[in-house]
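> Dropping a prediction and its sequence here:
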Amino acid sequence: MQLLFIRHGDPDYDIDSLTEKGWKEAALLAERMQSIPVHTFYVSPLGRAKDTASLTLQAKNDSAIELPWLREFHAPIPDFHTGKPRIPWDQLPIDWMTEPKYYSLSGWAQTLPMLQGHVMEEAQRVWSGLDEVLAQHGYQREQNYYRVTDPNTHVLAFFCHFGVTCVMLSHLLDISPMILWHTFCAAPTSITSLYTEERREGVALFRMNAFGDTAHLYANHEPPAFAARFCETFQNFDQRHD
């Protein structure tokens, strides 16, 4: 089985859709997806993900199953300094990287900001939803691996968002999402892919072979949108600093 986690195109958050560049990115993504034999499409209920998926679905004459838990991960935590709500993947490195618990699979959610934001409850909702989908396709979660009840080479494509993708990856790869949120970067319309490996019959794990792949953009001389990143140097005031 192969899983494709596809981030939406360059977003216009004010209208929950895409910018002009985002629509161009989505069109190039649709061209790339034409050659991929997707078994089932899934999509977030948010407009920017549905709009991105629409061009691929139209080109393939297919439809997608909308999953409420696939929306962008929503569990705001108090900002370390102001106390105001802030998404958990936009914390400053100096504030969290000195706390060993954030690097721990069992400890990251036990820190005070995560407890105050009820982050684990939301993560469990995402993990349960993902495991339900995988079980429908023959892969049943047991402890930290998957019991194979129906071995297959299905390709499942999820049109969604950066934050929730990292939460799903944390479950599939047993990595603290805090590390994924802050040290991995997935540009708009990028594809993150994982395959199963079944080296012993009936026992599978998921192995990531690409993260944030934007080959469809580079092949068409379209630079990835900066929406996934913060300033490369502090003096770059035309890039995001918040």
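Cool, the structure landed.

> Going by C-alpha atoms from here, please, whenever you check contacts or count neighbours.
OK.

> Spatially nearest residue to the residue nearest to the spatial centre of the chain, not counting backbone neighbours?
Nearest to the mean C-alpha position of the chain, counting by C-alpha atoms, centre = their mean, stands residue 165 at 1.7 Å. Distances taken as C-alpha to C-alpha, 6 or more residues apart in numbering put residue 5 closest to residue 165, at 6.7 Å, once the chain neighbours are dropped.

> Need the per-residue pLDDT for the residue nearest to residue 63 when sequence neighbours are not counted.
Excluding the flanking residues, the one nearest residue 63 by C-alpha to C-alpha, 6+ apart is residue 57, at 5.8 Å. pLDDT for residue 57: 98.

> would you list every one of the helices in the protein?
Taking DSSP state H as the criterion, the chain carries its helices at 20-33, 47-60, 93-96, 112-116, 119-136, 162-173, 177-183, 215-218.

> which other residues reach the helix or strand of the chain with the lowest mean pLDDT?
Every helix and strand of the chain was ranked by mean pLDDT, DSSP states H and E. The lowest is helix 93-96, at a mean of 87. Residues outside helix 93-96 that contact it (C-alpha atoms under 8 Å, 6 or more residues apart in numbering): 80, 102, 182.

> Least confident of the helices of the chain, on average?
helix 93-96 (a mean of 87).

> Could you check how many residues crowd around the residue nearest to residue 165?
Residue 5: 27 surrounding residues under other C-alpha atoms under 10 Å.

> Can you name the residues bridging to it?
Beta bridges link residue 5 to residue 158, residue 192, judged by DSSP bridges.

> so what's it up against?
Per C-alpha under 8 Å, 6+ apart, neighbours of residue 5: 157, 158, 159, 160, 165, 191, 192, 193.

> Rebuild those as JSON lines, extending it with distance to residue 118.
Below are these laid out as JSON lines (distance: C-alpha to C-alpha, whole Å):
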{"residue": "157", "distance to residue 118": "28"}
{"residue": "158", "distance to residue 118": "25"}
{"residue": "159", "distance to residue 118": "25"}
{"residue": "160", "distance to residue 118": "22"}
{"residue": "165", "distance to residue 118": "18"}
{"residue": "191", "distance to residue 118": "29"}
{"residue": "192", "distance to residue 118": "27"}
{"residue": "193", "distance to residue 118": "29"}
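
> Which two of the residues you listed have the greatest separation?
Farthest apart among these by C-alpha to C-alpha are 160 and 193. That separation is 13.3 Å.

> And the two? Which one has more around it.
Neighbour tally, residue 160 and residue 193, criterion other C-alpha under 10 Å: the higher count belongs to residue 160, 29 against 21.

> Quick check: the gap between that one and residue 110.
27 Å (C-alpha to C-alpha, to the nearest Å).

> which residues does the residue lying closest to residue 224 once chain neighbours are set aside contact?
Nearest residue to residue 224 in three dimensions, chain neighbours excluded: residue 187, at 6.3 Å (C-alpha to C-alpha, 6+ apart). Residue 187 is in contact with 7, 212, 214, 224, 225, 226, 227, 228, 229, counting by C-alpha under 8 Å, 6+ apart.
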